[in-house]
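Colleague: sequence first, then the predicted structure, then my questions.
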Amino acid sequence: MSGLMEELLTSVKLFYDVIKKSVRVCSLWTHLCERGAGELMMSSADEQLCLNICSDVTSSSSRRKHVKSQQRWSKKKQRAEKRRFSSSEDDRRRSSFKDMKLQEEEPQEETQAPPTEVTDTTPPKKKQKKKTEAVKDAGRGSIKTSSLFKHNPDIPQLHSPAVCQLKEQIFTKDSFSDLPLHPHLVATLNKVLNVSTLTSVQKQSIPALLSGRDAVIRSQTGSGKTLSFAVPLVQSLQELQPKIQRSDGPLAVVIVPTRELALQTFNTFQKLLKPFTWIVPGVLMGGEKRKAEKARLRKGINILVSTPGRLVDHIKHTLSIAFSAVRWLVLDEADRTLDLGFEKDLTVILNSLNAAGPRRQNVLLSATLTLGVTRLADVCLNDPISIHVSGPASSDLPAVTPDTSQSESFAVPEALRQFVVLVPSKVRLVCLAAFILDKCKFSQNKLIVFVSSCEVVDFLHSLFTAVLAGPSANHKPPVGFLRLHGNMKQEERSETFQQFSESEGGVLLCTDVAARGLDLPQVTWIIQFTPPTAAAEYVHRVGRTARIGGRGSSLLFLTPAETAFITELANHNISLSEMKLQDILSSLMMDDTYKGRGKYHSKSSSSALQQDIRERATVLQTDFENFVHSDTESLQAAKKALQSYLRAYTTYPAHLKHIFHIRSLHLGHAAKSFGLRDAPQGLSTAGTRTKRNQSQSQNQNRRAKDRSPTKHQNQNKSSGKKRFSAAQMDLRLLRSEFSSGLDGRRPDKKKKNKEKVLQKHQN
């Protein structure tokens, strides 16, 4: 009975509450009719009262929680809508990709008022599917484009100065059959080497050398200078009577600066000597076994092609080598030979030749005329003729001074297109990768990429092989990457040179070891990822393409702070056209492997396209950084490459220091171009101290010395050399390379002699 009474009381209370609420609602509606809907402002309690009347009295706690969360989301949408409409168009472009997506897909939901009636709290299934698909398309929710494209220096407007480029005519109308050459030699040139027409440098040099004159031959790269001395050399040796025997030893010595060029010159002589089997060519170069080379020298070599260092080694240690019969001495790429520090070796070679043999014919070839080449010509040539394709042949060598060498005009191939791109340091790696993908994966091209050091070559080779060489999302063929530098073993260098020569496409990452004289067929693009140290070096690099009348292109990477180098090249009559950074990065749109979160289509605005390009570039940069930080070995390789890049940056000549100075580099941005998320600590702190801190440390050091009681006693004592550990030595080398030498640490206090101090105080 008591239970029934309690239920009756609770039902009466509920009924009473409902009656009270309904009366209050009726009064509110009467006020609404009298004052109008526009003037009535309900309180939050009244609004809650209406919601409670419209909803079920017996609603669960989960339903009430969902109502509150729905109200919170509606308020957030209202605030986001106000921010979008109040912001300017520029701010709208910088808004996050998530807000842009929300504005495009749900414009109606954002403009509606907050819901006042909740009938069904579960969202539609279709919308939920779209949301999950959008998340799948995003793929990488942690991408932030601001780290790659923000806080970069402004790219200046490029104004290329008007330049009248120096042009050299490559081919002439004359043929080899017009020259007094052996018929078998002419047939070999036509059938084996596939050449029949003389180039300009060959037309001037071959008759002069056949007459027995010494000569200095200067012409642009890729103009056929090798045949200009090889053809008259073979012609003169095959004419000798009685016939040359292998036991006669060397009758011609050809000196070249690099191993690859030595191998290439040796192959050329092998082809030319096919009809003259009694003349034996040979090659000596570093990396080969000395024992095998000595055996070949004992058997006999008539035309000896060698690098300077290895020939000097055999002169000192091989008894079977003799120069008593030498009739020819050829110094090919003489300027590069001197640049590599072979001046002492050349002196040893010349002294050995002068002491052993009779008068010989000397030929010196170079694409550029430097002070060192002029001195070398004065030493080893006798009444030479100067052959310069841009001008007439003369008997006098032009005078060269430092001023004229810095303003000398250079000739580049007429069919060579030259471009420059201004890239901030942070975007350099992504820009290079995008260009390689565009030219090698999406089209068939053959590229050579020049960098400053061996460590950078190894790092880029391992990075690109791991990230870029694989198959793409569009089923494009993989890109082949090869490397070539001076620290590689000779077998590997020869194999790389042969493999790249025979391939129809791919990328060769190399140092300047491949910048001189190498004839690599079908190379269509030369990329100078690291700027050259001189205009002459620029000419030699771009000379690897557009050879012998062919077509080719080159691209030079510069940061905005290095723009003045374009004017420096213009002083040497070299003109460059600008290639935009945006055009290079847009090639990433052709591969969905690096797809961002955007869904760009042809009807989208230009800002949406730029945002999508930047997101794809950031995805690619993220892949690079993930590979670099995947293990300790990759991370150390990246740090070594950065360190060698900075060390090479300090070696630019004095007249280019205002363009390429280590202080103009942002170390954090430079680290980003090597896949590092932060600059290494040793590099980031070196050289960044202010003058105030330096003066403070100097004053502290001075005061510490003044306070020292043993100052005057230790002045006359000779201090021994201080020993450092390996880590301390690395730190000292790093400071000496990149800073002023002040390390910010207080000097170590000298140990005081307690007895002397006590004695001084007693006195």
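Modeller: Looks like it arrived, so ask away.
Colleague: please name the nearest non-neighbouring residue to residue 343.
Modeller: By the measure of C-beta to C-beta, 6 or more residues apart in numbering, the closest residue to residue 343 outside its immediate chain neighbours is residue 372, 7.2 Å from it. No exception for glycine: its C-beta is placed from N, CA and C like everyone else's.
Colleague: and that neighbour, that's in a helix?
Modeller: Yes - secondary structure of residue 372 (DSSP: H, G, I helix; E, B strand; the rest coil): part of a helix.
Colleague: who's in contact with it?
Modeller: Contact analysis of residue 372 by C-beta atoms under 8 Å, 6 or more residues apart in numbering lists 334-335, 338-339, 343.
Colleague: can we see that at 10 Å?
Modeller: Taking C-beta atoms under 10 Å, 6 or more residues apart in numbering as the criterion, residue 372 is in contact with 334-335, 337-339, 343, 346, 366, 400.
Colleague: and those, which of them are in helices?
Modeller: Among the contacts of residue 372, DSSP state H puts 334-335, 337-339, 343, 346 in helices.
Colleague: quick check: PyMOL command selecting the buried ones in the residues you listed.
Modeller: Buried residues among the ones in helices among the contacts of residue 372 (16 or more other C-beta atoms under 10 Å), as a PyMOL selection:
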select buried, resi 334+335+337+338+339+346
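Colleague: list just the nearest of the ones in helices among the contacts of residue 372 to residue 362.
Modeller: Relative to residue 362, the closest of those is residue 334; by C-beta to C-beta it sits at 10.9 Å.
Colleague: so what's residue 545 closest to, chain neighbours aside?
Modeller: If you skip the residues right next to it in sequence, residue 545 has residue 552 as its closest partner in space, 2.9 Å away by C-beta to C-beta, 6+ apart.
Colleague: an error on my part: the question was meant for residue 550.
Modeller: For residue 550, the nearest residue in space outside its immediate sequence neighbours is residue 415; the separation is 6.6 Å by C-beta to C-beta, 6+ apart.
Colleague: neighbours around that neighbour, how many?
Modeller: 14 (other C-beta atoms under 10 Å).
Colleague: pretty sure it sits against residue 171.
Modeller: No - look at residue 415 against residue 171 with C-beta atoms under 10 Å: they stay out of range, at 11.9 Å.
Colleague: what is in contact with the two at once?
Modeller: In the contact map built from C-beta under 10 Å, 6+ apart, the residues linked to both residue 415 and residue 171 are residue 549.
Colleague: can you map out the helices along the stretch 151-300 of the chain?
Modeller: For the stretch 151-300 of the chain, the helices defined by DSSP state H, counting those that start in this stretch cover 183-191, 200-210, 225-238, 259-272, 290-299.
Colleague: elements contacting the first one?
Modeller: When you say that, I think you mean helix 183-191. Under the contact definition 3 or more C-beta pairs under 10 Å, 6 or more residues apart in numbering; DSSP states H and E, helix 183-191 sits against strand 171-175, helix 225-238, helix 259-272.
Colleague: report the residue ranges of every domain in the protein.
Modeller: Under the assignment automatic domain parsing, the domains of the chain span 19-54, 70-113, 202-406, 416-642.
Colleague: now those in TSV, with distance to residue 675 and mean pLDDT?
Modeller: What follows is those, written out as TSV (distance: least, C-beta to C-beta, whole Å; pLDDT from 0 to 100):
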stretch	distance to residue 675	mean pLDDT
domain 19-54	56	56
domain 70-113	24	55
domain 202-406	29	89
domain 416-642	4	90
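Colleague: between these, which gets nearest to residue 148?
Modeller: Between the domains of the chain, domain 416-642 lies closest to residue 148; by C-beta to C-beta that is 5.2 Å.
Colleague: from the chain's centre, how far out does that closest one sit?
Modeller: Taking C-alpha atoms, centre = their mean, to the nearest Å, one finds the center of domain 416-642 at 6 Å from the center of the full chain.
Colleague: so where's the stretch 601-750 of the chain uncertain?
Modeller: In the prediction, the stretch 601-750 of the chain carries residues with pLDDT under 70 at positions 601-605, 682-750.
Colleague: want to throw the domains of the chain into CSV with distance to residue 177?
Modeller: Output for the domains of the chain, formatted as CSV (distance: least, C-beta to C-beta, whole Å):
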stretch, distance to residue 177
domain 19-54, 104
domain 70-113, 68
domain 202-406, 12
domain 416-642, 19
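Colleague: center of this structure, which residue is that?
Modeller: Nearest residue to the geometric centre of the chain (C-alpha atoms, centre = their mean): residue 529, 3.6 Å.
Colleague: which ones are touching it?
Modeller: Residues touching residue 529, when contacts are defined by C-beta under 10 Å, 6+ apart, comprise 423, 428-429, 431-432, 435, 449-452, 456, 460, 509, 555-557, 673.
Colleague: these in strands, which ones?
Modeller: With DSSP state E as the criterion, strands contain 449-450, 509, 555-557 from among the contacts of residue 529.
Colleague: which one (most neighbours) among those residues?
Modeller: Neighbour counts for the ones in strands among the contacts of residue 529 peak at residue 450, which has 29 neighbours (criterion: other C-beta under 10 Å).
Colleague: what distance do you get for that one to residue 456?
Modeller: When C-beta to C-beta, to the nearest Å is the yardstick, residue 450 and residue 456 sit 10 Å from each other.
Colleague: please enumerate the shared neighbours of these two.
Modeller: 509, 511, 529-530.
Colleague: and which of those residues is nearest residue 466?
Modeller: The shortest approach to residue 466 among the shared contacts of residue 450 and residue 456 belongs to residue 509, at 13.7 Å (C-beta to C-beta).
Colleague: bridging residues for that closest one?
Modeller: Assessed by DSSP bridges, residue 509 has beta-bridge partners residue 449, residue 483.
Colleague: how near is the residue nearest to residue 545 to residue 221?
Modeller: Taking C-beta to C-beta as the criterion, residue 552 is separated from residue 221 by 11 Å.
Colleague: which of these two has more neighbours?
Modeller: The neighbour count for residue 552 versus residue 221, taken as other C-beta under 10 Å, is higher for residue 221 (26 against 22).
Colleague: for that one, phi and psi?
Modeller: The main-chain torsion angles of residue 221 are listed as degrees, to the nearest 10 and equal phi -70, psi 150.
Colleague: export stretch 511-521 to PDB, keeping only CA atoms.
Modeller: What follows is the C-alpha trace of stretch 511-521 in PDB, where atoms were taken according to Å, rounded to 0.1, in the frame of the first residue of the first chain:
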ATOM      1  CA  THR A 511      82.500  16.200 -59.000                       C
ATOM      2  CA  ASP A 512      84.700  18.300 -61.400                       C
ATOM      3  CA  VAL A 513      86.600  15.100 -62.200                       C
ATOM      4  CA  ALA A 514      84.200  14.700 -65.100                       C
ATOM      5  CA  ALA A 515      84.300  18.400 -66.200                       C
ATOM      6  CA  ARG A 516      87.300  18.200 -68.500                       C
ATOM      7  CA  GLY A 517      87.700  16.600 -71.900                       C
ATOM      8  CA  LEU A 518      85.300  13.600 -71.400                       C
ATOM      9  CA  ASP A 519      83.200  12.800 -74.400                       C
ATOM     10  CA  LEU A 520      80.000  11.300 -72.900                       C
ATOM     11  CA  PRO A 521      77.600  10.700 -75.800                       C
END
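Colleague: so which bits of that stretch are buried?
Modeller: Within stretch 511-521, the residues that qualify as buried by neighbour count (16+ other C-beta under 10 Å) are 511-520.
Colleague: could you dump those residues into JSON lines with distance to residue 544 added?
Modeller: Rendered in JSON lines, the data for these read as follows (distance: C-beta to C-beta, whole Å):
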{"residue": "511", "distance to residue 544": "13"}
{"residue": "512", "distance to residue 544": "11"}
{"residue": "513", "distance to residue 544": "12"}
{"residue": "514", "distance to residue 544": "7"}
{"residue": "515", "distance to residue 544": "7"}
{"residue": "516", "distance to residue 544": "9"}
{"residue": "517", "distance to residue 544": "9"}
{"residue": "518", "distance to residue 544": "7"}
{"residue": "519", "distance to residue 544": "8"}
{"residue": "520", "distance to residue 544": "6"}
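Colleague: farthest-separated two in these?
Modeller: Largest separation among the buried residues of stretch 511-521 by C-beta to C-beta: 511 and 519, giving 18.2 Å.
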